[in-house]
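Undergrad: Here is a sequence together with a model predicted from it:
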Amino acid sequence: MRLAGYKADWPAPSNVGTWQTTRTGGVSGGSWESLNLGAHVGDRPEAVARNRQLLAQELKLATEPRWLEQVHGTRILHLDRGETGSADGAVTMKPGVVLAILTADCLPVLLATQDGRRIGVAHAGWRGLAAGVLAAAVAAFECPPASLLAWLGPAIGRSAFEVGPEVRAAFMAHDEAAAAYFSPNSRGRWQADLDGLARRQLQQSGVAAIHGRPQCTFSDPDRYFSHRREAPCGRMATLIWMEP
């Protein structure tokens, strides 16, 4: 089976490469079938290693992607400064460095300057979003936010993402207008629009060029892993790099 995936649909400069994996084309079995790229979800280590090798071969990557230890926080690594440790995003100005985010319902976000000289990634689950991970990622570029492009990848959609009142309150504590992205349901809880919340926060941070169409991971089991639908499960990867 051919490794499946697609490029981000955004007007990035020609030197910026991107890839969004789906769940097909790998060697993992069971609930991780088949292209699981996460090494922390209970899959066989040798299967994950082979899947990552297949990904590198398919994309002709010269270097191993910088897999982050994601913790649903707001720390963004400046890789050019040699920063390491757990984080939920990274930025670089070095061609050939491949940035990667792993998700299975959380929202992956790609960022790039319009001149193609800086790139970044962010892992935006609800906790990270509520805490300000996207504002931190934009700030990490250390350039005018209006010069950035953003692309939002597949994540759990509003119809499938039921949350409690504490999640809504966490967003509204910083932005009362966030209430518009939560719909009440018949169980006294809320349906949250992760994609919409992310777009609003990017706009508030000064990013105007936001691309990508909402795709629900929960509702598309043939293409995407979903932790809420089938935990334990695999992880997709969202990658970005600048050509050497």
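TA: Now that the structure is in, tell me what you want to look at.

Undergrad: same question for the biggest helix by length in the chain, mean pLDDT?
TA: Determined from DSSP state H, the single longest helix within the chain is helix 45-59. Regarding helix 45-59, the rounded mean pLDDT is 97.

Undergrad: in this structure, which segments are predicted with low confidence?
TA: Within the chain, the segments meeting pLDDT under 70 span 1-2.

Undergrad: Show me where it has its helices.
TA: Secondary structure of the chain, counting by DSSP H: helices at 45-59, 126-131, 133-140, 165-172, 194-204, 227-230.

Undergrad: Pipe the ones you listed into TSV and attach mean neighbour count and distance to R118 per row.
TA: Every C-beta, even on glycine, is put in place using the N, C-alpha and C of the backbone. Converted to TSV, the helices of the chain look like this (neighbours: other CB atoms under 10 Å; distance: least, CB to CB, whole Å):
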stretch	mean neighbour count	distance to R118
helix 45-59	16	20
helix 126-131	22	21
helix 133-140	23	9
helix 165-172	16	28
helix 194-204	21	16
helix 227-230	16	31
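
Undergrad: Which among the ones you listed is found nearest to V91?
TA: Nearest of those to V91, taken as CB to CB: helix 133-140 at 4.7 Å.

Undergrad: relative orientation of the closest one and helix 194-204 in degrees?
TA: Calculated by axes from the mean of the first three to the mean of the last three CA atoms, to 10 degrees, helix 133-140 forms an angle of 40 degrees with helix 194-204.

Undergrad: Dump helix 133-140 to CSV, restricted to CA.
TA: What follows is helix 133-140, C-alpha atoms only, in CSV (Å, rounded to 0.1, in the frame of the first residue of the first chain):
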residue,chain,number,x,y,z
VAL,A,133,0.2,28.3,22.3
LEU,A,134,-0.6,30.0,19.0
ALA,A,135,0.2,33.4,20.3
ALA,A,136,3.5,32.0,21.6
ALA,A,137,4.2,30.4,18.2
VAL,A,138,3.5,33.7,16.4
ALA,A,139,5.7,35.6,18.8
ALA,A,140,8.5,33.1,18.4
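
Undergrad: ok, and for stretch 30-45, which residues are buried?
TA: 32-39, 41, 43 (16 or more other CB atoms under 10 Å).

Undergrad: swap that for stretch 55-73, sorry
TA: Neighbour-count burial for stretch 55-73 flags 55, 59, 61, 65-68, 70, 72-73 (criterion: 16+ other CB under 10 Å).

Undergrad: Between the two ends of it, what distance do you get?
TA: Distance between the boundary residues of stretch 55-73 (CA to CA, to the nearest Å) amounts to 27 Å.

Undergrad: contacting residues around it?
TA: Applying CB atoms under 8 Å, 6 or more residues apart in numbering, the contact partners of stretch 55-73 are 3, 5, 17, 19, 21, 35, 37, 39, 52, 77, 79, 85-90, 96-102, 121, 123, 125, 127-128, 131, 133, 237, 239, 241, 244.

Undergrad: Name the nearest residue to Q201, sequence neighbours excluded.
TA: L134 (4.7 Å; CB to CB, 6 or more residues apart in numbering).

Undergrad: same check, this time on A209
TA: L149 (4.7 Å).

Undergrad: That neighbour touches A112, doesn't it?
TA: Yes: look at L149 against A112 with CB atoms under 8 Å: they come within range, at 5.2 Å.
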